[in-house]
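**Student:** Quick one: sequence and predicted model below, then my questions.
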Amino acid sequence: MKVAFITLGCRVNLYETEAMIEKFKKDGFSIVDHDERSDVYIINSCTVTNMSDKKTRQMINRCKLKNKDSIIAVVGCYSQISPKEVSSFYGVDIVLGTRNKGDIVHFVNRVLETREKIVEVGEVLYNNKFEDLTVKNYEKRSRAFIKVQDGCNKFCSYCTIPFARGAVCSKPKDIVLDEVLELSSNGFKEIVLTGIHTSSYGDDLNKDYGLLDLIEDISKFDGIKRIRVGSLDPGFFKEGVIERISKIHKLCPHFHLSLQSGCNETLKRMNRRYTVEDYRNIVYLLRNTINDISITTDIITGFPGESDEEFNETYDFLKEIQLTKTHIFKYSPRKGTKAFFMKPQIHGSIKDERSSRLEDLNLINEREFMDKFVRKRLKVLIEDENTGYSENYLSVKVSGDNIIRGNIYDVLIKENKLNFLSGEIL
């Protein structure tokens, strides 16, 4: 039997897809590309925006066109939030939520035998049991991802994720470290720690052991040369944290530090629990402590009630602090959130104009940061042919002989090509 996977959304979904692939392989299935005809299609869904939901619906239709007799399973966040809606789509045979993806092979085999539709979506809001999903190897990647945490307790006013992913739950440290050991023995030199709200790691376990403790323990593995962390909440950087971080030399000098808005009034309506002043202090302390650090962020434009003045505060703040890269999203109303009922909702054309201005600013900031590394050396982990990433997460295309994927090379940067740096292996 052939099974194909389509993954939408975040790195956590990517990790969970890899874990499901391993389970299907163990059961004797052949893994094929989702563009091929397959007996089974697994769609790992996202529901962050309305467009995310739309993409899932499009994927269902495409899969059914490839093989009208195929089994289609939709799992993940969209299924968790809207199980009846998803199950109503033509061709969907299995609907699973976010905390039972580990049982996917069992449910697929059941449908193959009975041809009866299965909808299994449990309560997650108060469920802090970590799902049994681990990845022992990655065939097509140079960096290994480890999902260490799931769920979120923050309830930002625009976000459905706490309802889709449930309460904070953490993978026990012994299981994480065993996973690191196995990945290291398989030749992976970089570990990327990811989660829905990674900063909350350990909050549901031992309060004396958190994300920073876990990073320190992973840094003790000889085979691991780099540790990278997914998106972090500004609240993670409490007193003393940055000093401890600076002593973990394997921790990459790149942090995705969530912002969403550069205006305090907007942040309050978003239910974000920090101020612009807090964020500024963290950015400058990080830069003063860690050499060549790269800081990236997310911004939402057109949040309900965002006036021209509030947007301009965000623009001016981003212009001031000059982050390496800003990912810009237009606010998408989501049913079940407080922001859905907020007034006034911002017209789409205004969102477009504001997003365009921020995109232009982002290009300037990104180019200026990358310019700093021309004629300097960077260590680059090769990911695909002759392209890889530096420690501070700059894309670098390298030239040289016998370049091996998964190896780390010293590279002299020759030129900034805007989308990437180019250089020669020393």
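**Tutor:** Done, it's in.

**Student:** per-residue pLDDT, the residue of the chain positioned farthest from its centre?
**Tutor:** No residue in the chain sits farther from the centre than T114, which is 36.1 Å out by C-alpha atoms, centre = their mean. For T114, the pLDDT comes out at 94.

**Student:** Distance-wise, check it relative to K343.
**Tutor:** Going from T114 to K343 by C-beta to C-beta, to the nearest Å gives 49 Å. (Glycine included, C-beta is placed from N, CA and C.)

**Student:** L205 and K171 touch, don't they?
**Tutor:** No. Applying C-beta atoms under 8 Å, one finds L205 not in contact with K171, separated by 9.2 Å.

**Student:** which ones are touching H106?
**Tutor:** By C-beta atoms under 8 Å, 6 or more residues apart in numbering, the contact set of H106 is empty.

**Student:** Read off the pLDDT value for it.
**Tutor:** 97.

**Student:** Check L205 too.
**Tutor:** 88.

**Student:** and it, that one's in a helix?
**Tutor:** No. Looking at L205 with DSSP: H, G, I helix; E, B strand; the rest coil, it is coil, so not inside a helix.

**Student:** Please enumerate the helices of the stretch 51-200 of the chain.
**Tutor:** 77-81, 83-87, 104-114, 161-165, 173-185 (DSSP state H, counting those that start in this stretch).

**Student:** Report all helices and strands that the fourth one contacts.
**Tutor:** Using 3 or more C-beta pairs under 8 Å, 6 or more residues apart in numbering; DSSP states H and E as the contact criterion, the secondary-structure elements in contact with helix 161-165 are helix 77-81.

**Student:** Which residues are in contact with F107?
**Tutor:** Counting by C-beta under 8 Å, 6+ apart, F107 touches 73, 94, 96, 118, 120.

**Student:** neighbour-wise, which of those leads?
**Tutor:** Neighbour counts for the contacts of F107 (other C-beta atoms under 10 Å) peak at L96, which has 27 neighbours.

**Student:** Tell me, how many residues neighbour the residue nearest to it when sequence neighbours are not counted?
**Tutor:** What sits nearest to L96 in space, not counting adjacent residues and going by C-beta to C-beta, 6 or more residues apart in numbering, is V75, at 4.2 Å. V75 has 28 neighbouring residues, counting by other C-beta under 10 Å.

**Student:** and V75, what does it touch?
**Tutor:** Contacts of V75 by C-beta under 8 Å, 6+ apart are 42-45, 94-98, 101, 104.

**Student:** now, which of those sits nearest L286?
**Tutor:** Using C-beta to C-beta, T98 comes nearest to L286 of those, at 32.0 Å.

**Student:** do you know how far the closest residue to that closest one other than its chain neighbours is from G336?
**Tutor:** Nearest residue to T98 in three dimensions, chain neighbours excluded: Q80, at 4.7 Å (C-beta to C-beta, 6+ apart). Computed as C-beta to C-beta, the Q80 to G336 distance reads 12 Å.

**Student:** Find residues that contact each of these two.
**Tutor:** Joint contacts of Q80 and G336 (C-beta under 8 Å, 6+ apart) are F163.

**Student:** Who has more neighbours out of the two?
**Tutor:** Q80 (27 against 11).

**Student:** I161 is in contact with the more buried one, correct?
**Tutor:** No. Using C-beta under 8 Å, Q80 is not in contact with I161; the gap is 9.9 Å.

**Student:** so how many other residues sit close to the nearest residue to S52 once chain neighbours are set aside?
**Tutor:** Leaving aside its chain neighbours, S52 sits nearest to C46 (4.2 Å; criterion: C-beta to C-beta, 6+ apart). If you count neighbours by other C-beta under 10 Å, C46 ends up with 21.

**Student:** who are the neighbours in contact with C46?
**Tutor:** So C46 contacts 8-10, 13, 52, 55-56, 76-78 (C-beta under 8 Å, 6+ apart).

**Student:** for the helix or strand containing L318, which positions count as buried?
**Tutor:** For L318, the enclosing helix or strand under DSSP states H and E is helix 308-321. Using 16 or more other C-beta atoms under 10 Å as the test for burial, helix 308-321 gives 310-311, 313-315, 317-318, 321.

**Student:** For those residues, work out which two are farthest apart.
**Tutor:** Farthest pair in the buried residues of helix 308-321, by C-beta to C-beta: E310 and I321, 17.2 Å.

**Student:** Does I31 belong to a helix, a strand or coil?
**Tutor:** I31 - assigned by three-state DSSP - is strand.

**Student:** Which one of L205 and K171 is surrounded by more residues?
**Tutor:** K171 (23 against 17).

**Student:** The more buried one reaches V135, doesn't it?
**Tutor:** No. Counting by C-beta under 8 Å, K171 does not reach V135; the two are 11.7 Å apart.

**Student:** any idea of the mean pLDDT in the longest helix belonging to the chain?
**Tutor:** When the chain is parsed with DSSP state H, its longest helix is helix 348-371. Throughout helix 348-371, pLDDT has a mean value of 98.

**Student:** List the buried residues of whichever helix or strand comes after that helix.
**Tutor:** As assigned by DSSP H and E, the chain's next helix or strand after helix 348-371 is strand 377-384. Across strand 377-384, burial judged by 16+ other C-beta under 10 Å covers 378-383.

**Student:** got it, and stretch 332-350?
**Tutor:** So stretch 332-350, judged by 16+ other C-beta under 10 Å, has buried residues 332, 334, 337, 339, 342, 346.

**Student:** on that earlier part again, any residues in contact with both of K171 and V135?
**Tutor:** Between them, K171 and V135 share these contacting residues under C-beta under 8 Å, 6+ apart: I146.

**Student:** Contact partners for V380?
**Tutor:** Per C-beta under 8 Å, 6+ apart, neighbours of V380: 388-390, 396, 398, 408-409, 411, 423.

**Student:** nope, G97 is what I was after
**Tutor:** Shown in contact with G97 (C-beta under 8 Å, 6+ apart): 75-76, 79-80, 83, 120-122, 124.

**Student:** Quick one: the strands in the stretch 51-200 of the chain, in order.
**Tutor:** Using DSSP state E, counting those that start in this stretch, the strands found in the stretch 51-200 of the chain span residues 71-76, 92-96, 118-120, 143-150, 169-170, 190-195.
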